[in-house]
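Engineer: All I have is the shape, not the residue letters:
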Ligand SMILES: Cc1cc2nc3c(=O)[nH]c(=O)nc-3n(C[C@H](O)[C@H](O)[C@H](O)COP(=O)(O)O)c2cc1C
Ligand SMILES: C=C(O[C@@H]1CC(C(=O)O)=C[C@@H](OP(=O)(O)O)[C@H]1O)C(=O)O
């Protein structure tokens, strides 16, 4: 199982992750991990921090000569900004008198107030530092290793931005093709908004810019597409084995994500069953044929299991909580009415979040693969995968 733990504060020295039970024999391309880190940093709407950070992974264990050994893999990413915070964020007791950048005016929508009460601190910096989405940099590195694992089984994970504020672009079923190599998705990769629809992209950028100028922020919707999945990852037999549940949990754990829908999602509630459910087909005359569907409204999941069709998931991100025209709040020390603290901040992080959704979904799918085709080495897992594929073909 691909379980992992992350550590690190936003302005601390570094971010760390340890990943458990990656099979041995998996070739790891560090350049690809760094490309994923760059993709996460490149989105439109980000604040000043991204000009400081140049995220690069350092692997300190679990890999030898580019190949996984089967033991825990440890990853590090340095925070370049740490040099400006080394006393403020020092782990050493002798720096305890060095208290600055104290935050006592909690920001509505951030973890500040509830975290302060729960962890019994009046310096809300103690909460901000770990609740910050800086942590998603290291999750993206874990996701990049999971993506490399999945590509051994020809699984591809990609995403695009389909909404910013009220502006909506095309959804998967409105696109001529949802292939990663399509012209549309080539445009997505080039777009700083991760939107392949140029007209909508211009409108979206305008909305981000005007809201920033007004001291405000905007959220949006990301669509995630995963292709090449076998039938039957996940299970219906127990609530905690359902893959839709695991994916929703992983995606909802991304900072500022407030909704996840699979396939038609909420739209399905407005349609009759006859227009929602995907009819089952089988081509008897094709030797390679197996069961397939007339449509993919289910988004590739039925009964908590993959159907073999592409997985389609939409993720809703709320607007960034830190506002340059701040909302009302209360100082946690004096209890006086104040306006919320203003920190350097992003005005829109939906394109960045799109890359994070790819990462966390890849980790969840890699876990499901390990569960179904379990083995200590990649060769053993591939053998199990091939044998299952033969079994499915004969069904
Ligand atoms: C990539 C990314 C960047 C973010 N940048 C900021 C930011 O600059 N300022 C901010 O206030 N919140 C930012 N957030 C959102 C907060 O981290 C998030 O709202 C906060 O941790 C509270 O969690 P919740 O929104 O899930 O309840 C960002 C989120 C993501 C995914
Ligand atoms: C650092 C990242 O995102 C940060 C997430 C974040 C928050 O409150 O979540 C606040 C900002 O941090 P800072 O106050 O240092 O500018 C973002 O830049 C990152 O994504 O790498």
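Structural biologist: Perfect, thanks for sending it. Note that the structure is a prediction, hence the values are computed from the model and not measured. Ligands and ions are numbered 1, 2, ... in the order given.

Engineer: Could you point out which residue ranges in this structure have low pLDDT?
Structural biologist: Across the chain, the ranges flagged by pLDDT under 70 are 1, 287-289.

Engineer: Quick check: residues of it near ligand 2?
Structural biologist: Taking CB under 6 Å from any ligand atom as the contact definition, the chain meets ligand 2 at 10, 47, 49, 53, 132-134, 136-137, 255, 343-346. (Glycine included, C-beta is placed from N, CA and C.)

Engineer: same thing but 5 Å
Structural biologist: Proximity of the chain to ligand 2 (CB under 5 Å from any ligand atom) is limited to residues 49, 132-134, 137, 343-344.

Engineer: Drop anything exposed from those.
Structural biologist: Listed as buried from the residues of the chain next to ligand 2 are 49, 132-134, 137, 343; burial here means 16 or more other CB atoms under 10 Å.

Engineer: Most widely separated two among the residues you listed?
Structural biologist: Among those, the pair separated by the greatest distance (CB to CB) is 137 and 343, at 17.7 Å.

Engineer: Which two of the residues of the chain next to ligand 2 have the greatest separation?
Structural biologist: Within the residues of the chain next to ligand 2, two members stand farthest from each other by CB to CB: 137 and 343, at 17.7 Å.

Engineer: okay if I get the residues of the chain next to ligand 2 as JSON lines plus secondary structure and distance to ligand 1?
Structural biologist: Formatted as JSON lines, these follow (DSSP: H, G, I helix; E, B strand; the rest coil; distance: CB to the nearest ligand atom, whole Å):
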{"residue": "49", "secondary structure": "helix", "distance to ligand 1": "7"}
{"residue": "132", "secondary structure": "coil", "distance to ligand 1": "6"}
{"residue": "133", "secondary structure": "helix", "distance to ligand 1": "3"}
{"residue": "134", "secondary structure": "helix", "distance to ligand 1": "8"}
{"residue": "137", "secondary structure": "helix", "distance to ligand 1": "9"}
{"residue": "343", "secondary structure": "coil", "distance to ligand 1": "7"}
{"residue": "344", "secondary structure": "coil", "distance to ligand 1": "8"}
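
Engineer: And those, which is closest to residue 82?
Structural biologist: Comparing these against residue 82 with CB to CB places residue 134 closest, at 11.0 Å.

Engineer: The closest one and residue 79 touch, don't they?
Structural biologist: Yes - contact criterion CB atoms under 8 Å: residue 134 and residue 79 qualify, at 7.3 Å.

Engineer: which neighbours do those two share?
Structural biologist: Residues touching both residue 134 and residue 79 by CB atoms under 8 Å, 6 or more residues apart in numbering: 8, 10-11, 15.

Engineer: ok, which pair from these is furthest apart?
Structural biologist: For the shared contacts of residue 134 and residue 79, the farthest-apart pair by CB to CB is 11 and 15; their separation is 11.1 Å.

Engineer: Looking at the two, which has the bigger crowd around it?
Structural biologist: Using other CB atoms under 10 Å as the criterion, residue 11 and residue 15 rank with residue 15 on top: 24 against 20.

Engineer: Would you verify that the more buried one is located in a strand?
Structural biologist: Yes - assigned with DSSP: H, G, I helix; E, B strand; the rest coil, residue 15 falls within a strand.

Engineer: quick one: contacts for it?
Structural biologist: Going by CB under 8 Å, 6+ apart, residue 15 touches 6-8, 76-77, 79, 134-135, 137-138.

Engineer: Buried among those? Make that a PyMOL selection.
Structural biologist: The PyMOL command for the buried members of the contacts of residue 15 (criterion: 16+ other CB under 10 Å) is given here:
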select buried, resi 6+8+76+77+79+134+135+137+138
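
Engineer: Understood, closing this out.
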